[in-house]
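Asker: What follows is a predicted structure for the sequence shown.
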Amino acid sequence: MSTPALTRDPRRIRATYYLEVDGDPQRAAEVLAGEQSSGTFVAVPGESDALRERHGAQVVAVTPLEDRPPSLPSRGRPQRVRAAEVTVEWPMENTGTDLATLQVAVAGNLFELGGLHGCRLLDLDLPPELVQAHAGPAFGVAGTRELMGGPDGPAEGVLVGTIIKPNVGLDADGFRTAVRELARAGVDLIKDDELMTDPTYLPLSERVRIGQQEIDDAAQTTGRKSMYAYNITGDLAGLRHRHDLVVAAGGTCVMLAVPVMGIPALEWLRSFSELPIHGHRAGLAALMRHPALGISYAAWQLLARLAGADHLHVSGLGSKFSETDDQVAENIRALQAPLGTARPVLPTLSSGQNVRTPSLTWGAVPSTDLLMLAGGGIIAHPDGPGAGVRSLRRAWEAAIAGQGVEQVADDDARAGDPSLRHALATFPGAG
């Protein structure tokens with residue numbers, strides 16, 4: 001009986017890389033393609049021309065860049081290498097729709113190839129069938145606003161949030177006081193720090209019980225129920241139990257450190273979560289920070305959105321972290337780009353955010369579908385958290401209206417509210 005013809009799947013996964021090679025970039029790209037599909041370092045029985053035609057990854061573009069010193073260590077030590085941007089395609093049949101298998105194919109062993117002195121996944125282009133196979137965010141921007149809304153409906157404008165500080169070591173009484181002050185200040189979202197999971201001195205079950213008591217009590221006064229993103233990062237076996245603790249207490253959000261737990265863990269949480277998933281990026285810089293190694297934010301966020309994150313951290317403009325303001329703005333725009341029929345995810349700004357940063361952010365990305373997390377930027381306000389929340393909202397209103405924040409602060413102070421003026425004095429610097 002004859003062997004049926006092997007037909008290549010027309011649905012293509014396309015990945016673009018930055019490479020540095022000691023030799024011909026085209027040949028290096030072909031080695032990468034073989035390593036990440038049907039081949040290995042030597043011809044082996046069974047790897048027929050027909051098999052390679054059906055399953056082998058193919059190099060579809062090579063754009064030479066400048067020669068440069070090598071960025072990464074390797075067995076060989078050339079003084080100069082050739083840089084290039086290359087695009088490789090896989091038939092979707094190789095990976096199916098599984099995100100873990102996809103990640104192994106486009107971002108697996110290739111980083112270890114000795115002939116690559118730089119290797120970074122820059123971008124992914126996925127076939128519609130793969131995108132539509134994943135649920136994506138269950139709540140996204142609109143669902144989050146609904147849960148934050150008061151009697152008059154969904155919350156509007158840029159959302160203002162904060163982080164419980166101090167984080168590690170806070171006891172139950174200190175935690176209760178912190179949540180009480182923030183909830184009564186009318187903040188949109190409060191979140192656990194990424195370091196706060198389920199410690200013996202303040203277990204998650206106790207934190208959820210206290211937090212929801214204070215949030216519900218505050219809502220009776222403010223008419224606005226703050227969302228709390230409880231950190232349920234931890235052992236995979238207990239993930240559903242920790243989620244259920246939050247649901248049972250009336251919580252409205254859970255948080256996961258996505259790079260630590262992994263894309264498959266996020267997608268599993270999405271499969272049963274009754275609440276928005278606040279996607280923290282703790283650990284992502286290890287994959288992302290070096291420009292010649294790892295995975296770009298643009299590529300990573302596609303996986304996290306498909307897996308079901310409702311909010312994703314992007315760092316922040318004017319922040320204490322390493323990304324430039326232009327890079328952070330690109331992160332936000334990447335999240336805002338359409339992804340099939342998936343609900344829009346909520347870009348979350350953090351790291352050193354305060355009343356000076358709304359004008360920077362609005363100037364770069366004029367959108368109100370943002371969540372700005374200000375820890376010290378709210379909690380360290382000299383007049384208390386309520387004034388911190390109020391001043392940050394006023395700074396956003398000034399930025400959106402095209403008004404100078406200093407002038408708005410002076411006008412508010414003359415009208416009897418010095419909160420923005422005091423915040424500007426507390427957080428000096430260019431805005």
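Answerer: Cool, the structure landed. Numbering: from 1, shown residues only.
Asker: residue contacts, the residue nearest to R209 when sequence neighbours are not counted?
Answerer: Once flanking residues are discounted, R209 sits nearest to A249: 5.8 Å by Cβ to Cβ, 6 or more residues apart in numbering. In this view, the C-beta of every residue, glycine as well, is placed from N, C-alpha and C. When contacts are counted by Cβ atoms under 8 Å, 6 or more residues apart in numbering, A249 touches V208, R209, G211, Q212.
Asker: Look at A249 and report its pLDDT.
Answerer: pLDDT recorded at A249 is 97.
Asker: got the phi/psi numbers for it?
Answerer: phi -90, psi 0 (degrees, to the nearest 10).
Asker: hmm, back to that, which of the contacts of A249 has the largest number of neighbours?
Answerer: Across the contacts of A249, neighbour numbers were computed from other Cβ atoms under 10 Å; G211 holds the maximum, 28 neighbours.
Asker: Just to check, it is in contact with V179?
Answerer: Yes - using Cβ atoms under 8 Å, G211 is in contact with V179, at 5.1 Å.
Asker: Model confidence at the closest residue in space to A298 that isn't next to it in sequence, what's the number?
Answerer: Nearest residue to A298, sequence neighbours excluded (Cβ to Cβ, 6+ apart): A334, at 4.6 Å. At A334, the pLDDT value in this model is 97.
Asker: ok so, going back, pull up the overlap in contacts between G211 and V179.
Answerer: Joint contacts of G211 and V179 (Cβ under 8 Å, 6+ apart) are I190, Y228.
Asker: contacting residues for the nearest residue to V21 once chain neighbours are set aside?
Answerer: In space, and not counting its chain neighbours, V21 is closest to A28: 3.9 Å by Cβ to Cβ, 6+ apart. The contact partners of A28, by Cβ under 8 Å, 6+ apart, come to L19, V21, A84, V86, G115, L116.
Asker: Show me what the residue nearest to R80 when sequence neighbours are not counted bridges to in the sheet.
Answerer: Spatial nearest neighbour of R80, excluding adjacent residues (Cβ to Cβ, 6+ apart): D67 at 5.1 Å. D67 has the following beta-bridge partners by DSSP bridges: R82.
Asker: so D67 touches A83, yeah?
Answerer: Yes - between D67 and A83 there is a contact under Cβ under 8 Å: 7.0 Å.
Asker: who's more crowded, these two?
Answerer: The neighbour comparison of D67 against A83 (other Cβ under 10 Å) goes to A83, with 21 against 11.
Asker: What strand or helix carries the residue lying closest to the more buried one once chain neighbours are set aside?
Answerer: Nearest residue to A83 in three dimensions, chain neighbours excluded: L65, at 3.9 Å (Cβ to Cβ, 6+ apart). Assessed by DSSP states H and E, L65 sits inside strand 58-68.
Asker: hmm, who's touching that strand?
Answerer: Contacts for strand 58-68 (Cβ under 8 Å, 6+ apart): 14, 18, 20, 25-26, 29-30, 33, 80-89.
Asker: so A33 sits in a helix?
Answerer: Yes - assessed with DSSP: H, G, I helix; E, B strand; the rest coil, A33 lies in a helix.
Asker: Could you report the separation of it from A61?
Answerer: A33 is 12 Å from A61, where distance means Cβ to Cβ, to the nearest Å.
Asker: Tell me which of those two has more neighbours.
Answerer: More neighbours surround A33 than the other of A33 and A61, with 22 against 13 (other Cβ under 10 Å).
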